[in-house]
Structures are given as structure tokens and as C-alpha cells.
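> pasting the structure only:
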């Protein structure tokens, strides 16, 4: 860096001081970017790791620590074999554009440690996360607390399973649309489950018809849709077996509104950790959290799930019309037929998408959903803070931590 020399009496002294400050700020930013790059490190470079270091999968993330499960050389990950991990202090400021620098599903390189490095009251073995492998897929929304940053829900999944319910809480078709946009963007398959089919008995014929039309429309687009009543079904039910066949051997992220029955669905597949389920499904018509943090769990019947907390606010980052149109599969073939290359499909003349909506070949509701996402105003069915309890609230959980401090070593 150039050292600017000046004397207090120089005419340009104030200007040169500002230039010097700007350059020092840029150098500091470059150093931060280097540190961030060093935290995310390709797995091919892990061969130079220190003795005893090991690869692992993050299975839960809490405010100041995470649970990880070592990745075996052969065979499946045992999500009951957990270590307590903290991120190396030098990497705590990495990935500042995201709420968390690590998420469930991340593949990380860990260094074993003990209470001389990290002050923890726990019977679990401890380690420090030194590096993060690049993510091959991820599901993210705008952080409802700080809209300028992203909240990555999970990573490295093979497919998305979005769950809604017919009632208690009512199905949010627009929320399903937003999840499908993310799945298309990440190039992973998406499956739709609408639960609590038994509650349709108390709904109007108009509502039932609307639900049938929505499900038929999604199926016509190529999506697999299951209509279930999970609380009254077993694994022997043909629909449940068919769904499990699509999940076996894969890592599936379960997402959706609060209280729709995601945890009940997971329990049908004999998870290594039984999920807590709200006994009274009518306790809150808006839905109630029974999962308070994302968790990766091995299924006894095959495959893994990443069970995520129910959400009431799901706003996507800003997307241009071309990128967003790709997430609505019925629009893809029409984009190049619009009169204008940069058509937003809002009010432009000669818009093939608007013509298709007028002709009824594109759903009016889906088109309204597209416009809402494009303008950034959709996705707010209410706002809620994530439950940040520091202990596991489910049967067979991963343990409680009495005290913890972040690793302060720079090694």
C-alpha cells in the first residue's frame, strides 16, 4: 500500500488523508475476503489437514454452537453419533451476507479439541470447525430480521418436500409457489404434500373444488402431489410407501408452514430421533411450532430428512423476470415468444405470458403469485421470531449444554 506523506500545512493534506483512509479500508476488506475464502475450502484441499482432523456433517445449529456427525469412509452417517462444535474464531465474521455462517447439511472439516480450547460443560466430544466445503444446493429466504441478508435454511439436499395442510392452518398456495421457485433455481426435484385430508369434511364445496383444481394443476405441471391424513396413516399405507420410495437413499428437506404435520410425517419413517408432535392439532389455527430448529435425521426406513421449523414469513431475494420465470415451469416455453426480450410479463404489449393467462392456460392465481414475488411484496403470512431455545425439546434429543464459549484459537 502506498504511504501518503503530507504535512499539516499542506493544501492537499485533508484530501490525502481521506484517500489514505479509503485505501486502508479497501485493504482491510481484501483481507476479510481472503479469510472468507479460506473458510470455504474445496474438499480436495482437505488432504493437507492436521492429524486427527475429520470430515463431518452438521446435523443441528444453535446460537453459539452446532452438533456434527462424523462422515464415515463407507456407509451411512449415524446422526446419533454427535460432537459439539464451534466455528474457529478467525472465521466468525465470514459469510456476513447470511444470518449464519454454517447451516444444517453443511459438510465441514473439524479439529478435535477439549475444554482447554473451548469451555463447555458437556459429556459430548468437542471439536472446532476449521473449513466449510462448497454447498452443492441450498434453500434460502430473506432474513425476516434483517432483510438485506439471507437466511439459509439448509444445504446439500437432494430434493425438497414442501408440506401444507387443508385446515388448521389452511393451505398457503403462494408459499408452495415460492418453494417451487427455489427448487427450480437449485435444480432439485420438488414434492408437494397436502396434509389433514380428514379436515376437508368441515369445509365448503367451493373450497374443496379449489383444492382439487390446484392439485390437478400442479400435477399437470409435472409435480408429484400427495393428499394425506398423516395422523391416521401408517407406513403400510400405499401413499406413504410411495412417498418413502421417493425419499429412500436421498437427503430431503421438509419445509412448510407451522403446524402442518411435518414432524408427524417424519415419525412414520422411523427416524433415529423421534420428533415431538403437538397432541391437540386444534390448539392454534395459525399453526404451532413443534420443531424449533432445523435438524438432520437418519430414517430407519432409508434416507435422511432435514426437518425445518415451520415458518410464517417467506420472502425470496429479489429476482429479475427472466430468472423468476424459470421458476414457474408453465412460463418457460413462453418467455422467448414475448415481443420484448426484457418483458416483465406485467403490462407490456405482445406479452405471451399475459396472453396465456387471458386464455386460461396459465393459472390466474399462479400469475398473481409471480407478480407478487417479482415486486417483493409476497410471502408475509405473518412474522415470527425463530425459537432460539438452547436445548433439544424432542424425545431422544441430542443433549443439553450448560455453558459454552466460542473457540478463540487462531490455529
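It's in. Everything numeric here is computed off the predicted structure, so don't read it as measured data.

> hang on, residue 129 in a helix?
No - per DSSP: H, G, I helix; E, B strand; the rest coil, residue 129 lies outside any helix segment and is strand.

> Give me the neighbour count for it.
Residues within reach of residue 129, counting by other Cβ atoms under 10 Å, total 24. Just so you know, the C-beta spots here come from the backbone N, C-alpha and C atoms, and that holds for glycine as well.

> Okay, and the residue sitting nearest the centre point of the chain sits in which element?
Nearest to the mean C-alpha position of the chain, by Cα atoms, centre = their mean, lies residue 153 at 2.3 Å. Here residue 153, judged by DSSP states H and E, is contained in strand 150-155.

> Would you mark the buried spots in the very next helix or strand once past that strand?
Using DSSP H and E, the next helix or strand after strand 150-155 towards the C-terminus is strand 159-165. Residues 159, 160, 161, 162, 163, 164, 165 are the ones in strand 159-165 that count as buried (16 or more other Cβ atoms under 10 Å).

> list the contacts for the third one?
Listed by Cβ atoms under 8 Å, 6 or more residues apart in numbering, the contact partners of residue 161 are 190, 191, 192, 193, 247, 252, 253, 254, 255, 305.

> So for it, what's the pLDDT?
Among the per-residue scores, residue 161 holds a pLDDT of 98.

> Okay, and the beta partners of it?
residue 191, residue 254 (DSSP bridges).

> and the gap between it and residue 238?
18 Å (Cβ to Cβ, to the nearest Å).

> now swap in the first one and tell me
Distance from residue 159 to residue 238, counting by Cβ to Cβ: 20 Å.

> and what of the fourth one?
Counting by Cβ to Cβ, the gap from residue 162 to residue 238 is 21 Å.

> where along the stretch 51-200 of the chain do the helices fall?
173-186 (DSSP state H, counting those that start in this stretch).

> remind me which residues of it are low pLDDT?
Scanning the stretch 51-200 of the chain for pLDDT under 70 picks out the ranges 95-97, 115-120, 144.

> As a check, name the ranges of all strands in it.
54-61, 66-70, 83-87, 107-113, 126-132, 138-142, 150-155, 159-165, 190-195 (DSSP state E, counting those that start in this stretch).

> in the sheet, who's paired with residue 226?
Bridge pairing for residue 226 - DSSP bridges - gives residue 193.

> neighbours around it, how many?
Residue 226, neighbours per other Cβ under 10 Å, totals 20.

> Same question for residue 273.
21.

> Repeat that for residue 109.
Neighbours of residue 109 (other Cβ under 10 Å): 21.

> Could you list the domains of this structure?
43-134, 139-307, 321-375 (automatic domain parsing).

> Output those as TSV; include the columns distance to residue 314.
Shown next, in TSV, are those (distance: least, Cβ to Cβ, whole Å):
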stretch	distance to residue 314
domain 43-134	14
domain 139-307	5
domain 321-375	10
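
> For residue 21, which of these is the nearest?
Among the domains of the chain, domain 43-134 comes nearest to residue 21, with 20.7 Å by Cβ to Cβ.

> And the closest one, how far out from the chain middle?
19 Å (Cα atoms, centre = their mean, to the nearest Å).

> Please point out which parts of stretch 121-132 sit buried.
122, 126, 127, 128, 129, 130, 131, 132.

> repeat for stretch 131-138
Applying 16+ other Cβ under 10 Å to stretch 131-138 flags 131, 132, 133, 135, 137, 138 as buried.

> Can you lay out the buried residues of stretch 121-132 as JSON lines showing distance to residue 355?
Output for the buried residues of stretch 121-132, formatted as JSON lines (distance: Cβ to Cβ, whole Å):
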{"residue": "122", "distance to residue 355": "62"}
{"residue": "126", "distance to residue 355": "61"}
{"residue": "127", "distance to residue 355": "58"}
{"residue": "128", "distance to residue 355": "58"}
{"residue": "129", "distance to residue 355": "52"}
{"residue": "130", "distance to residue 355": "55"}
{"residue": "131", "distance to residue 355": "51"}
{"residue": "132", "distance to residue 355": "46"}
